[in-house]
Each structure stands twice: as structure tokens, then as C-alpha cells.
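**Q** sequence plus predicted model, see below.
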Amino acid sequence: MRNASTVIVLRDRETTPRVLMGQRGAKAAFMPNKFVFPGGAVDRSDSDIPLAAPPPSPCLDRLQDDAPAGLAHALAVAAIRELWEETGLMLGAPGAWSSTPHEDWHDFAASGFLPDARALQFVFRAITPPGRPRRFDARFFLVDAKTVVSDLDDFSAASDELSHLQWVRLEDARSFDMPFITEVVLSEVQARIDKPSPPDSVPFFKNNDEESLFLRLHGNRH
């Protein structure tokens with residue numbers, strides 16, 4: 001099982017809320033043809049990438065709940081990297097890299113930005129149930145589109161991992177072919193439309209080989 005990060009970018013939350021989604025390829029080993037949020041597995045190099053700022057402290061604390069020490073940083077970096085790779089959208093702050101960036105970050109660094117995690121709000125966690133071809137321990141991050149530093153409608157720098165990238169109105173999202181867990185997370189997003197601060201606790205679907213549990217992560221400060 002691999003750790004993973006997923007990013008829900010929320011646009012126009014005060015008027016007509018929309019989220020950014022794309023469609024996975026028909027030949028994808030995991031969730032083929034499904035409409036999903038940008039995201040993917042944590043890479044080994046993610047732990048070495050500098051951040052201009054970490055996630056907000058309540059979220060950082062909950063990311064460390066029931067997780068290996070030091071993983072929170074890599075999860076935040078993976079979220080920013082996957083958003084950048086799959087959509088071309090950038091969460092960053094002006095800054096110079098202290099060393100030559102990893103190849104995944106060359107273009108990001110060339111723009112004059114460091115990855116910036118302060119806008120990431122940790123809102124959901126789910127482990128893929130047993131029996132699937134691939135299993136992930138996925139953390140879902142909610143981001144207000146106002147914090148993106150690139151053009152929200154320019155997907156020209158996106159990879160080909162997701163097709164049909166589009167801003168989907170929340171009220172229309174469930175008409176798309178999406179995984180069950182994505183529907184569950186959309187409900188959580190809907191409940192947070194008028195709550196700009198990080199949640200008091202984070203839902204956690206913990207699917208082990210022995211049992212499935214619905215927990216809430218409060219962090220060490222609870």
C-alpha cells in the first residue's frame with residue numbers, strides 16, 4: 001500500500017462553487033475511466049523537496065495522527081506536485097531553490113516559485129479496501145482556488161494523466177462517473193463551503209484486511 005495525496009481545488013465558493021476534475025484513462029490500472037480529483041502516490045523524492053511554508057498547524061497535527069513520523073511533509077509536497085503535473089496549476093510562493101531541483105520540479109522552479117503548502121487544508125483520509133489491484137492510503141486536501149498562483153483556466157502544462165480537465169459545479173458533479181469515495185469526499189466539501197478554516201477533526205475510512213472502521217483524526221492536541 002502506498003501513501004497518496006489528492007487535491008480538491010474549490011472555485012467560486014461564495015457564488016457557484018466548482019471543483020476541478022479530470023477523467024482517468026481507459027487503460028489505467030486504478031479507477032479507469034473515472035472522473036477524479038488530481039492526485040497520486042507519494043514519491044521517495046518528495047521528502048527532500050523544500051516548502052516555502054508548511055500546511056497550517058491544525059492540519060499538520062492531524063496529518064501526523066496514525067502516520068509515520070515525518071510523512072506530513074512528503075504528503076504536502078506530493079499534493080502540490082500532483083496538482084502541478086496533472087493540471088499545470090501551481091501552489092507556490094516566490095523564492096529561490098537552494099539546490100538543483102529534482103527533475104519533476106524543473107519547470108516549477110524555473111517559474112521563480114517554491115512549492116507552498118500553507119493553503120492545503122487536510123479534510124479527509126481513506127484507505128483503499130482490500131481486493132483492489134492497487135491500494136492507497138490517501139489524504140485529501142481542500143484548496144481555495146484563490147490561492148493558486150497560475151491561470152485557473154490554463155491547463156497547457158498538464159500531463160496526459162487526466163483528460164477532460166474541467167471546473168465542475170458541485171450541484172452537477174454526481175452526474176459524472178466517479179468512484180464512491182469521491183462522492184463521499186464531495187459531500188464533505190459541500191459541508192465546508194461556508195467554513196474557510198480547517199476542520200476540527202478529519203474523517204478517516206480505515207479499511208484494513210481485518211476490518212473497516214470509520215474514525216476521526218483529532219491530532220495530538222485533542
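**A** Yep, that arrived. Numbers count the residues shown, from 1 in each chain.

**Q** mind checking the longest helix of this protein?
**A** Residue-count comparison of every helix in the chain, with assignments taken from DSSP state H, identifies helix 71-87 as the longest.

**Q** for the lowest-mean-pLDDT helix or strand in the chain, output the C-alpha coordinates as PDB.
**A** With mean pLDDT, DSSP states H and E as the measure, the helix or strand of the chain carrying the lowest mean pLDDT is strand 212-217 (a mean of 89). Taking Å, rounded to 0.1, in the frame of the first residue of the first chain, the C-alpha atoms of strand 212-217 are listed here in PDB:
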ATOM      1  CA  SER A 212     -13.300  -1.500   8.100                       C
ATOM      2  CA  LEU A 213     -13.600   1.400  10.500                       C
ATOM      3  CA  PHE A 214     -14.900   5.000  10.300                       C
ATOM      4  CA  LEU A 215     -12.700   7.100  12.500                       C
ATOM      5  CA  ARG A 216     -12.000  10.800  13.100                       C
ATOM      6  CA  LEU A 217      -8.500  12.200  13.300                       C
END
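
**Q** just checking, what packs against it?
**A** With contacts defined as 3 or more C-beta pairs under 8 Å, 6 or more residues apart in numbering; DSSP states H and E, the packing partners of strand 212-217 are strand 202-207. Where C-beta positions appear, they are placed from N, C-alpha and C, glycine not excepted.

**Q** buried residues in the strand it packs on, which are they?
**A** Applying a neighbour-count criterion of 16 or more other C-beta atoms under 10 Å, one finds 202-205, 207 buried in strand 202-207.

**Q** residues in contact with it?
**A** By C-beta atoms under 8 Å, 6 or more residues apart in numbering, the surrounding residues in contact with strand 202-207 are 62, 66, 122-130, 181, 184, 188, 212-217.
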